[in-house]
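J.: return atomic coordinates for the entry below.
(3 chains)
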Amino acid sequence: MPDSATLPTLEDALALGLTEQEYELVCEKQDGPPNQVELAMYSLLWSEHCAYKHSKRLLRTLPTEGRYVVMGPGENAGAVDVGGGLVCAFKVESHNHPSAVEPFQGAATGVGGILRDIFAIGARPIAVLDSLRFGEPTGARSRYLLDEAVSGIGHYGNSIGVPTVGGEVYFERPYEQNCLVNAMALGLGEREKLVRSAAAGVGNTLLLFGARTGRDGIGGASVLASAELGDADEDKRPTVQVGDPFEEKKLLECSLELLERGLLVALQDLGAAGLTSSAAEMASKGEVGIDLDVGKIPLREPGMVPFEVMVSESQERMLCVVEPANVEAVMALCEKWEVNSAAIGVVTETNRMRVLDGEELVGDMPVRALVDDCPLYDLAPVKPATPIYAPPEARLAQDVSLREVLLALLASPNIASRRPLFEQYDSIVQSRTVRRPEQADAAVLALDRGPHPAGEDRPIPGLAVSIDCNGRRVAADPYRGTIEAVLECASNLACVGAEPLGTTNNLNFGNPERPHVAWQLTESVRGLGDACRALEAPIVGGNVSLYNETSSGPIYPTPVIGMVGSLPDARCAGRLGFARAGDTIALVGPFAPSLAASELAKLRGDGLPDGLPDIDIGAVHAAQFAIRGAVRVGGLSSAHDIAEGGLATALAECCLAGGLGSDVRLPAPGDGDPLADLFGEASGGFLVSGTSNGVSSLGRRTPVHVIGTVNGDSLQVGIGDLTLSVTLAELAQAHGALAELFG
Amino acid sequence: MRARVLIRPKAGILDPQGEAVERALPALGFAGVANVHVGRLVELDIDDPAQLEDMCEKLLANPLVEDYEVQLLDGNG
Amino acid sequence: MRFGVLQFPGSCDEVDALDAARRVGDADLLWHGERDLRGADAIVVPGGFSYGDYLRAGAIARFAPVMESVIDFARDGGPVLGICNGFQVLCEARLLPGALLGNVNQRFTFRQVELDVVNPDSTFTRACAGGERLSIPAKHAWGRYYADERTLREIEDAGQVILRYVKGENFNGSLNEIAGVSNERGNVFGLMPPPEHAVDELVGGSADGLKIFESMRMAVEGVHA
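T.: Alright, predicted model coming up:
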């Protein structure tokens, strides 16, 4: 960069990621070419990552209102009412590009960032979930990324005392060069005490607290998140942020106490684009101006120039607006928590963002231009005429026995037990976790920390949460595949007895300027909107990550869905494992399985089909309603949504979780081929167990087929003339396949 | 005065980090490596180097399970 | 019966410990910077990552002002329970023999474990029967108990080994499967698996951990009776 005396050129602007037209627009807004500080700030705020240039218009079509919504999109996190004067704040965000470069820190700071979004609105974080995508684990690099990302998530979440209660991971070749690390967090707060981020009160003080500012992640937002990754990734390493969960723990307690004491007018966390985006967004929301002095900011590195201070992405920092009379009390509280604090600016009525370095004015921009006037682009979607993704390598021969198919599916990386991952996470700190990973289809948390004495007869209200998306199925059919992801979340919630309250989403896609990716994005958002409307689970917030693409092509379109639900009594929360020998097993719901885009099709090396079968959302919704009701009254011993690997895989999972075998009889398949019935996939299928009365009562609302009984110590399925018989020990062995990835 | 303290796991105590590194190096093609141990390094500016031993005993190392070595560096470190 | 639960910067499970202690008696949080133990009959040093586990787990927390009072309290015979990070702090403070090293698998591991009550007469286990098994979750990265040969022999002979991991449950590599150990006098005790996370069937899967807090209450009230 030239020194601040000379003006940056168009070439500099292009190097920072702006287009020529965008640069010219900046010059217009600034009445002349921008200086170094100004160009740096525009390049960040007008980057895809901050401005959502290619997605904002599309996102406006999503449903965002509903009877439980207290805070919708646009704030640091969304929030839904959970009764008792409390709200649950939640959101999912991505940290994909940093994780590809430095996976431990990328994943760790991803968790740190989403946690800050939660306590920035005044909610105490109570849970984290992660959604990960890597290339096939046969590749050393993918194994390395997986290992480091899981370590990073565990390191941050465990150290800060927030339990990691769930998540998902998929391994597919299109993610090999572009891994995905999405982190979701939930928090609890009092409805009356939620705080917003709009700066207000001309004359009020702008105060920065938290860690010192260094050179972390400089240029991160524009350099990494808005461009496809090239081959020269190594020199992007200095721009990755390094997180410190201990610092964040102190910051969290300090922030919550500041809010508890009513000392703050507004609060915002510093994330991508650091002080630039936080200050500008606070000013924009409040329709005010801000004067900010970089000379007052506590620095970690000597000799940082103003633009570096403004774009630094040093972690664990918060920005607040404080009435002058309260500044001393705020700083005293920060000192108690051993957190740095500094008054760095003032709210003005100029509607301009003015950056000073002591007495010298080094940047002066209209707030509107920075935040609101960034150009938005329409997508030009075109459905691809030929397949974008190469068929996967075949790993299973065509003519193997049913037994071998089941064992191969259970051992496949997308289905095998995730125990080696989730054992690296503390899933119980804060004493709320009622269902831990692998105990049920969704994580369940008690709203109240307890005690919950065993003898007492009061219901214990709970929250449930699930995070899901099968990118391969979305690639086969972006519209229906996205609907399936939303239905999957709601089905998982239903299996524990929870009703959806709201949804968050992280849209992970390739380069939106390419017509086929634009088509994927447009169709996916259409499906997202339709599904959320049908389920009455509005979007309360989310994130978009575009340009996940290299010379070998885009990732599978991966709209990761996070859904939060409530259940009136956590003591009745459902479980997925069979519980009692003699229980009736039933297949419930409008289940119409097909091998199209299934895990079995992948193992056999089939290419993606062009489209998925139609979904009767209403019928699936009815099944979810029925299951939920039955679980809530304790009418079932177990409930499990059928997903990857189909019915037989779900059956194996229920046997393994319960430590009990099963004896199942299925009708002969119509076309003589048992594979679709046993291993085919679709929305709306549930495997439940219980007394025969408990099970048959579901039949009032949704199809119920009694298929067998819980007994013995092996999985037995008769289908037509064929039988499938596998012992629990053999199932467990196949299911434990991921353990070898973690040495 | 600039000082450097090297902290090593005591001999005889299982050092799984050292073992993991020792296993990983040959896998990357480096032969002839043995006896790997992983420790910690603390570097500081100090007015009175005589205090270093006490600092090591009290805080910088855990003498039950770690050995330490103090190096006094000249101005060029 | 009044428990005092210490709170350091970076403590995570202090509120869980406070809630567990409150099922058995009264309990207060004691800030690391204050020396006043507020009339506590027993002290709990909780789990978490005090001072970020910087340098070594517990290495910095042991010097907190509140710990000066805790050391005096322990020297006077007061009961002190160290849980997970608290166990690490007590070893660093030399109130307990030995040290906690990194898990042999070099990873943070969370798993429900079974523990044998080896010594049912201690201040911390008198509510248990000899040979009883406790089901408590364990969650740590630095839980491998180590003491040199001579110290190990001494603590085994003196009955200071209070809890052992049931065979097959010792994932961290602790010598002699030691999960919990006391000082010679028996009034200071540390264990890696946190009992405050097993006081409630609904969230803990077991209420076995409550016995440890219950034992402390019995010991204290027995003294006053």
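
J.: got the CA coordinates for stretch A:515-531 in PDB?
T.: Listed next in PDB are the C-alpha coordinates belonging to stretch A:515-531 (Å, rounded to 0.1, in the frame of the first residue of the first chain):
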ATOM      1  CA  PRO A 515     -25.100 -18.900 -14.000                       C
ATOM      2  CA  HIS A 516     -25.300 -22.500 -12.700                       C
ATOM      3  CA  VAL A 517     -24.400 -21.500  -9.100                       C
ATOM      4  CA  ALA A 518     -26.800 -18.600  -9.400                       C
ATOM      5  CA  TRP A 519     -29.400 -21.100 -10.300                       C
ATOM      6  CA  GLN A 520     -28.500 -23.300  -7.300                       C
ATOM      7  CA  LEU A 521     -28.700 -20.400  -5.000                       C
ATOM      8  CA  THR A 522     -32.000 -19.100  -6.400                       C
ATOM      9  CA  GLU A 523     -33.700 -22.500  -6.300                       C
ATOM     10  CA  SER A 524     -32.300 -23.200  -2.800                       C
ATOM     11  CA  VAL A 525     -33.600 -20.000  -1.300                       C
ATOM     12  CA  ARG A 526     -37.000 -20.700  -3.000                       C
ATOM     13  CA  GLY A 527     -37.100 -24.100  -1.300                       C
ATOM     14  CA  LEU A 528     -36.000 -22.600   2.000                       C
ATOM     15  CA  GLY A 529     -38.800 -20.000   1.900                       C
ATOM     16  CA  ASP A 530     -41.400 -22.500   0.900                       C
ATOM     17  CA  ALA A 531     -40.400 -25.100   3.600                       C
END
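
J.: what about that stretch, distance to the chain center?
T.: In terms of CA atoms, centre = their mean, to the nearest Å, the centre of stretch A:515-531 is set 18 Å apart from its chain centre.

J.: got the buried residues for it?
T.: A:516-531 (16 or more other CB atoms under 10 Å in any protein chain shown). From N, CA and C alone the C-beta is placed, and that goes for glycine too.

J.: next: stretch A:26-35.
T.: Neighbour counts using 16+ other CB under 10 Å place A:26-27, A:29-30, A:33-35 of stretch A:26-35 among the buried residues.

J.: pick the one among those residues closest to chain C.
T.: The closest of the buried residues of stretch A:26-35 to chain C turns out to be A:N35 (CB to the nearest CB; 39.6 Å).

J.: okay, now the residue nearest to that closest one when sequence neighbours are not counted: neighbour count?
T.: Excluding the flanking residues, the one nearest A:N35 by CB to CB, 6 or more residues apart in numbering or on different chains is A:L7, at 5.9 Å. Neighbourhood size, A:L7 [other CB atoms under 10 Å in any protein chain shown]: 14.

J.: lowest-confidence helix or strand of chain C?
T.: Taking mean pLDDT, DSSP states H and E as the measure, helix C:201-204 is the helix or strand of chain C with the lowest mean score, a mean of 86.

J.: can I get the next helix or strand after it in PDB, CA atoms only?
T.: Counting by DSSP states H and E, the next helix or strand C-terminal to helix C:201-204 is helix C:210-224. The C-alpha coordinates for helix C:210-224 follow below in PDB (Å, rounded to 0.1, in the frame of the first residue of the first chain):
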ATOM      1  CA  LEU C 210     -24.100 -36.100  45.200                       C
ATOM      2  CA  LYS C 211     -22.600 -38.600  47.600                       C
ATOM      3  CA  ILE C 212     -19.400 -36.700  47.600                       C
ATOM      4  CA  PHE C 213     -21.100 -33.400  48.700                       C
ATOM      5  CA  GLU C 214     -23.300 -35.400  51.100                       C
ATOM      6  CA  SER C 215     -20.200 -37.000  52.700                       C
ATOM      7  CA  MET C 216     -18.700 -33.600  53.300                       C
ATOM      8  CA  ARG C 217     -21.800 -32.400  55.000                       C
ATOM      9  CA  MET C 218     -21.800 -35.500  57.200                       C
ATOM     10  CA  ALA C 219     -18.200 -34.900  58.100                       C
ATOM     11  CA  VAL C 220     -18.700 -31.300  59.000                       C
ATOM     12  CA  GLU C 221     -22.000 -31.800  60.900                       C
ATOM     13  CA  GLY C 222     -20.500 -34.700  62.700                       C
ATOM     14  CA  VAL C 223     -17.800 -32.500  64.000                       C
ATOM     15  CA  HIS C 224     -20.300 -29.900  65.200                       C
END
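
J.: quick one: residues contacting the residue positioned nearest the centre of chain A.
T.: Centrality entry for chain A: nearest residue to the mean C-alpha point is A:V92, 3.6 Å, by CA atoms, centre = their mean. Counting by CB atoms under 8 Å, 6 or more residues apart in numbering or on different chains, A:V92 makes contact with A:114, A:131, A:182-184, A:467, A:504-506, A:542-543, A:560, A:562.

J.: I figured C:I43 hits C:R2, correct?
T.: No. Using CB atoms under 8 Å as the test, C:I43 is too far from C:R2 to be in contact (10.3 Å).

J.: shared neighbours of the two, anything?
T.: Counting by CB under 8 Å, 6+ apart, nothing touches both C:I43 and C:R2.

J.: out of these two, which sits in the more crowded spot?
T.: C:I43 (25 against 15).

J.: gap between that one and chain A?
T.: Distance, C:I43 to chain A, using CB to the nearest CB, to the nearest Å: 21 Å.

J.: buried residues in the helix ranked longest in chain B?
T.: When chain B is parsed with DSSP state H, its longest helix is helix B:16-27. For helix B:16-27, the buried set under the neighbour-count rule, 16+ other CB under 10 Å, comprises B:16, B:18, B:22.

J.: of all these, which comes closest to chain C?
T.: B:P16 (5.0 Å).

J.: get me the contact residues on the stretch 51-200 of chain A for chain C.
T.: A:151, A:154-155, A:158-161 (CB under 8 Å from any CB of the partner chain).

J.: just the closest of the buried residues of helix B:16-27 to chain A, please.
T.: Among these, B:P16 lies closest to chain A (CB to the nearest CB), at 11.5 Å.

J.: surely the closest one meets C:G102?
T.: Yes. Counting by CB under 8 Å, B:P16 does reach C:G102; the two are 6.5 Å apart.

J.: what's stretch A:18-25 in contact with?
T.: Counting contacts by CB under 8 Å, 6+ apart, the residues touching stretch A:18-25 from outside are A:10, A:13-14, A:26, A:42-43, A:46, A:373, A:375.

J.: also stretch B:37-50?
T.: Stretch B:37-50 is contacted by residues B:1-9, B:15, B:17-18, B:21, B:52, B:60, B:66, B:70, B:72, C:55 when judged by CB under 8 Å, 6+ apart.

J.: at 10 Å instead, please
T.: By CB atoms under 10 Å, 6 or more residues apart in numbering or on different chains, the list of residues contacting stretch B:37-50 from outside reads B:1-11, B:13, B:15-22, B:52, B:55-56, B:59-61, B:66-73, B:77, C:55-56, C:102.

J.: so how do I select the buried members of the contacts of stretch A:18-25 in PyMOL?
T.: To isolate the buried subset of the contacts of stretch A:18-25 in PyMOL, counting by 16+ other CB under 10 Å, use the following:
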select buried, chain A and resi 13+26+42+43+46+373
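
J.: hmm, back to that, from the buried residues of helix B:16-27, which is closest to C:Y51?
T.: Of all those, C:Y51 sits closest to B:P16, with 23.7 Å by CB to CB.

J.: confidence score at the residue of chain B most remote from its centre?
T.: Largest separation from the mean C-alpha position in chain B: B:G29, at 25.8 Å (CA atoms, centre = their mean). In this model, B:G29 is scored at 91, pLDDT.

J.: if I look at it, how far off is A:L206?
T.: 54 Å (CB to CB, to the nearest Å).

J.: try C:R133
T.: From C:R133 to A:L206 the distance is 58 Å (CB to CB).

J.: make a markdown table out of the buried residues of stretch A:26-35 and add secondary structure, pLDDT and distance to A:P500.
T.: As requested, those are exported to a markdown table (DSSP: H, G, I helix; E, B strand; the rest coil; pLDDT from 0 to 100; distance: CB to CB, whole Å):
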| residue | secondary structure | pLDDT | distance to A:P500 |
| --- | --- | --- | --- |
| A:V26 | helix | 97 | 43 |
| A:C27 | helix | 97 | 48 |
| A:K29 | helix | 97 | 42 |
| A:Q30 | coil | 96 | 46 |
| A:P33 | coil | 94 | 51 |
| A:P34 | coil | 94 | 46 |
| A:N35 | coil | 92 | 49 |
